[in-house]
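Undergrad: next comes the sequence, and after it the predicted model I'd like to discuss.
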Amino acid sequence: MSRGTLRSAAAFPFILALVLAMEARAAEVSDESQSVTFVYDESVWSGTERPDGPPELTCLGESCGGETAACSVTTLDRPADGLSTADFLEGLRLQIGPRILDSARSNAAGGPPPELVDPARVAAFGDKSGVALSLRLTLHNAPTRIDYVWFASASHLVALNCAAPEATYQSARPAFETVARDLRIAP
């Protein structure tokens, strides 16, 4: 084997990684007034800017187990509480699970009662921490799972929710975690 062939063979993994990275087309959709930007892979998600609300992502079928899944965000002003972000998230972790479950139960429209599947926990999503939990409920007469993640900055709280049919949730969950990791939040 010649020296040139060895160099070509050694470069193959690098070239393959570069080609694969190029296939994952990054796109963005944001609402500046919400201070949130979804950064997503166009081969997995379709982004929608809504003039009357925050941006949304819709997962393309194959990436989510063959059924549609979606993510959206809501931004709220964070009270001037003097807490560090870590302390704020810990306080939120202690309170949010029962509140979300109570809200889901009061808005339930048939089917089994909503159930907290994964209790609230502080978790890392890329370079940021958030409070995450998962809920099972019935939406549009279909069993559904919703993952919620709340992120806090100095001035606001961002609530990310991603939903998928229960039957395909396990396939969609990695895509949801990627959305949470790649979500850009202004300070």
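TA: Done, it's in.
Undergrad: show me where the chain has its helices.
TA: 3-23, 85-106, 169-182 (DSSP state H).
Undergrad: quick check: mean pLDDT of the first one?
TA: So that's helix 3-23. Confidence for helix 3-23, expressed as mean pLDDT, is 43.
Undergrad: where does this protein dip in pLDDT?
TA: Applying pLDDT under 70 to the chain flags residues 1-24, 32-34.
Undergrad: so what's the nearest residue to residue 59 once chain neighbours are set aside up against?
TA: Spatial nearest neighbour of residue 59, chain neighbours left out: residue 69 (4.1 Å); criterion: CB to CB, 6 or more residues apart in numbering. Heads up, the C-betas are built off the backbone N, CA and C, glycines and all. Residues near residue 69 by CB atoms under 8 Å, 6 or more residues apart in numbering: 58, 59, 162, 163, 164, 165, 168, 172, 175, 176.
Undergrad: what's the answer for residue 118, then?
TA: Taking CB under 8 Å, 6+ apart, one finds 132, 133, 134 in contact with residue 118.
Undergrad: ok, residue 63 next?
TA: 43, 44, 45, 171, 172, 175.
Undergrad: ok, residue 179 touching residue 41?
TA: No. Assessed by CB atoms under 8 Å, residue 179 is found out of contact with residue 41, at 9.7 Å.
Undergrad: looking at those two, which is more packed in?
TA: A side-by-side neighbour count of residue 179 and residue 41, using other CB atoms under 10 Å, places residue 179 first with 25 against 17.
Undergrad: nice, that's everything, thank you.
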